[in-house]
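Participant: next come a sequence and a model predicted from it.
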Amino acid sequence: MNKDILICGVGGQGTVLASRIIAAAAMAEGNTVHSAETIGMAQRGGPVTSHVRIGDQAYSPMIPKGKADVIIGFEPAEVLRNIGYLSADGIAVVNTTAIQPVTAALSDSGYDGKKETEYLAAHAECIFADGQKECEMLGSVKFLNILLLGVAAGSGKLDIRKETLVSEIEKRVPPKFKDANIRAFLRGYEVGEGKE
């Protein structure tokens, strides 16, 4: 299997954990994996992008522009900023809940992510998930990363078995949060399958 997956969001959303779960699951299924993170501002709220390249055709951990099979976007503006990485037949999993950067909050720009999601819907194949609503039902915003991982897996575009991903989640989250994270993943999987 050859697959390029880009995960983008802002600091504090769990993008790095999501990328590590994908990489570990792909390796558990016998694939070669390269990965890298690019972190903007070294603080909560700064842009974070993770590249996960699966397969023998990847010689660098960084995905070239226009080659990502899947973008998992934790924040609409970050997806739009990275949309140039998406391949012509790729898919973007997009959380519709915006996180207002400090600069937007100070200038009272009214940023809510709606224009970004409208643009994405018109220019790319997307699966949209209302992360805020889903996480409220799950009991915490801290499950967003695992929820979106589930959406991507449920879409069938990751090409990694559900059971393998669940196994890696169980290994990588604290035991007291294991069951809640599995519920978040399975809920996301349903959204990805279109069984909302």
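Facilitator: That came through fine. Numbers count the residues shown, from 1 in each chain.
Participant: off-centre distance for the helix or strand containing residue 21?
Facilitator: With elements taken from DSSP states H and E, the one containing residue 21 is helix 15-28. For helix 15-28, the separation from the chain centroid amounts to 11 Å (computed by CA atoms, centre = their mean, to the nearest Å).
Participant: and the angle from the helix or strand just after that helix to helix 15-28?
Facilitator: Once the chain leaves helix 15-28, the next helix or strand it forms, by DSSP H and E, is strand 33-39. Put simply, strand 33-39 runs at 170 degrees to helix 15-28, going by axes from the mean of the first three to the mean of the last three CA atoms, to 10 degrees.
Participant: what comes up buried for strand 33-39?
Facilitator: Of all the residues in strand 33-39, those buried under the rule 16 or more other CB atoms under 10 Å are 33-35. Heads up, the C-betas are built off the backbone N, CA and C, glycines and all.
Participant: quick one: the helices in the chain?
Facilitator: Counting by DSSP state H, one finds helices in the chain at the ranges 15-28, 76-82, 102-107, 114-123, 131-138, 144-154, 162-172, 178-193.
Participant: the last one - contacts with which helices or strands?
Facilitator: The contact analysis (3 or more CB pairs under 8 Å, 6 or more residues apart in numbering; DSSP states H and E) places helix 178-193 against strand 126-129, helix 131-138, helix 144-154, helix 162-172.
Participant: most neighbours per residue, which of these?
Facilitator: Across the helices and strands packed on helix 178-193, averaging neighbours per residue (mean count of other CB atoms under 10 Å) puts helix 144-154 on top, at a mean of 28.
Participant: can you give me the buried ones in stretch 46-64?
Facilitator: Across stretch 46-64, burial judged by 16+ other CB under 10 Å covers 47-54, 58, 62-63.
Participant: no no, stretch 8-23
Facilitator: By 16+ other CB under 10 Å, the buried positions in stretch 8-23 come out as 8-11, 13-23.
Participant: first vs last residue of it, how far apart are they?
Facilitator: Start-to-end span of stretch 8-23 (CA to CA, to the nearest Å) is 15 Å.
Participant: now do that stretch, average pLDDT.
Facilitator: Stretch 8-23 shows a mean pLDDT of 93.
Participant: quick check, distance from it to the centre of its chain.
Facilitator: Per CA atoms, centre = their mean, the centroid offset for stretch 8-23 relative to its chain is 7 Å.
Participant: residues in contact with stretch 137-144?
Facilitator: For stretch 137-144, contacts defined as CB atoms under 8 Å, 6 or more residues apart in numbering pick out 13-14, 74, 95, 131-132, 135, 147, 177, 180-181, 183-184, 187.
Participant: could you name the helices and strands sitting against the helix holding residue 21?
Facilitator: Using 3+ CB pairs under 8 Å, 6+ apart as the contact test, the elements touching helix 15-28 are strand 3-10, strand 33-39, strand 47-54, helix 144-154, helix 162-172.
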